[in-house]
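1. sequence first, predicted model second:
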Amino acid sequence: MSTLVALAVIFTQLSLLAFGGGNTILPEMQRQVVEVHRWMSAQDFSALFALAQAAPGPNMMVVPLVGWHVAGWPGLLVSSIAKFGPSSILTGVVLGLWRRFKDRPWRKVVQAGLVPMTVGLVVASAWLITEATTTEWLLGAITAAVAGLSAATKLHPLWLLSGGAIAALVLL
Amino acid sequence: MRSPSSSAATLPPDGTGTGKPPPGCADLFLGFLGLGLMGFGGVLPLARRMLVENRRWLTPDHFTELLGLCHFLPGGNIINLSVAVGLEFRGVAGAVSALLGLILGPTAVVVGLGVLYDGYKDDPTLQHIFMGLAAAAAGLLVSTAWKMLWPLRSRPVALAIVLLTMLAIAVLRLPLLPSMAVLAPLSILATWRFSR
């Protein structure tokens, strides 16, 4: 029970803090799940993140997966509702006010001003996930190769993910 | 069936402007279910194709406007978009239908993969596969970070905020809520002050 309450509190907070999309809250999710509550190791967290990336759909599918891993089906339900509920309700409320504030200058200032912090949060996510997955030099090389290919080409992410899996299977 | 010249031109204040009857809850659910199941590595490009080109629920302008709103709010852009689109057509029931449609399929897939991971993570072959998968997923995230960082390259103030955020979150491991309470006003103020 206390685990479910903790999941609800964590993901409600993350739901309302996820400015700039899902990847910005990854470090806090990892901190809560791995360091504060010690529900899993950093490697397990990275593996779950990888599984979620390999699945289709929005990039926040790691949330139900973490909930399920920690507390089974009730955990999945609680973490999903806590993560997708509050931000969705907020979206609904703001949609009503939207047209009124559309052309106000302050909205543009705030929107543009949040960009550097948002980018910083995504860089931090990339840093932490890479740190947790690079347990051998070959894995670091896979990360670097995928990062380079993904930045330079239009290869589908699924090719890159399977390429990484095959490279590790053959070479490790 | 399609008349590309007229679709973007007219945008009534309340309607969809596409001249098609508004979708019902079942349509919304099925539309977003397909989107969730097809969207490997990014749903957004597919979302535009489904909403604007194939099903013509939204005009291009209407789509851009809703997406702008969703960027501004917390939560995944595409998740907020499903809520906004559902709400526009069928109110709260529509929002719930669209959101559930979007996340139900991927949730089932992800749990299936989770069962596989839990059951076989001691098997050396699968262990290596999962390690490679994790390293590749990290690489995708690194390239996302790089692509977001690149447009800021000639803006030292913005880069300083990025560095500060990175330091606080990844190196010092400070909690997100108080960090954002300090960094968000700082980021807004610095960007506004030094932008012109």
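-> Cool, the structure landed.
2. okay but B:Ser82 is in contact with B:Phe29, surely?
-> No. Counting by CB atoms under 8 Å, B:Ser82 sits too far from B:Phe29 to count as a contact (10.1 Å). Yep, even glycine has a C-beta here, placed from its N, CA and C like the rest.
3. now do the shared contacts for these two.
-> Common contact partners of B:Ser82 and B:Phe29 (CB atoms under 8 Å, 6 or more residues apart in numbering or on different chains): B:Ala98, B:Gly101.
4. with neighbour numbers in mind, choose between these two.
-> Comparing B:Ser82 with B:Phe29 by other CB atoms under 10 Å in any protein chain shown, the one with more neighbours is B:Ser82, at 34 against 21.
5. so which helix or strand takes in residue 94?
-> Here I'm looking at chain A. Element membership for A:Val94 (DSSP states H and E) is helix A:62-101.
6. actually, chain B is the one I wanted.
-> Counting by DSSP H and E, B:Gly94 is found in helix B:77-120.
7. point out where the chain drops to low pLDDT.
-> With no chain named, the answer covers chain A. By pLDDT under 70, the low-scoring segments of chain A are A:99.
8. sorry, should have said chain B
-> Short version for chain B, where the test is pLDDT under 70: B:1-19, B:41-42, B:196.
9. which parts of it are helices?
-> For chain B, applying DSSP state H gives helices covering B:4-7, B:25-38, B:44-48, B:60-72, B:77-120, B:124-149, B:156-166, B:176-194.
10. identify whichever of those lies nearest to A:Phe101.
-> Closest approach to A:Phe101 among the helices of chain B is made by helix B:60-72 (9.9 Å; CB to CB).
11. so which elements touch the closest one?
-> helix A:62-101, helix A:105-113, helix B:77-120 (3 or more CB pairs under 8 Å, 6 or more residues apart in numbering or on different chains; DSSP states H and E).
12. list the buried residues in it.
-> By neighbour count on 16 or more other CB atoms under 10 Å in any protein chain shown, the buried set for helix B:60-72 is B:His62, B:Phe63, B:Glu65, B:Leu66, B:Leu67, B:Leu69, B:Cys70, B:His71, B:Phe72.
13. what is the nearest of those residues to A:Leu139?
-> Nearest member of the buried residues of helix B:60-72 to A:Leu139, counting by CB to CB, is B:His71, at 33.3 Å.
14. what sits against the closest one?
-> Going by CB under 8 Å, 6+ apart, the list of residues near B:His71 reads A:Gly20, A:Gln111, B:Asn77.
15. so how far is B:Val110 from it?
-> Distance, B:His71 to B:Val110, by CB to CB, to the nearest Å: 25 Å.
16. same question for B:Gly119.
-> Using CB to CB, one gets 15 Å for the distance from B:Gly119 to B:Val110.
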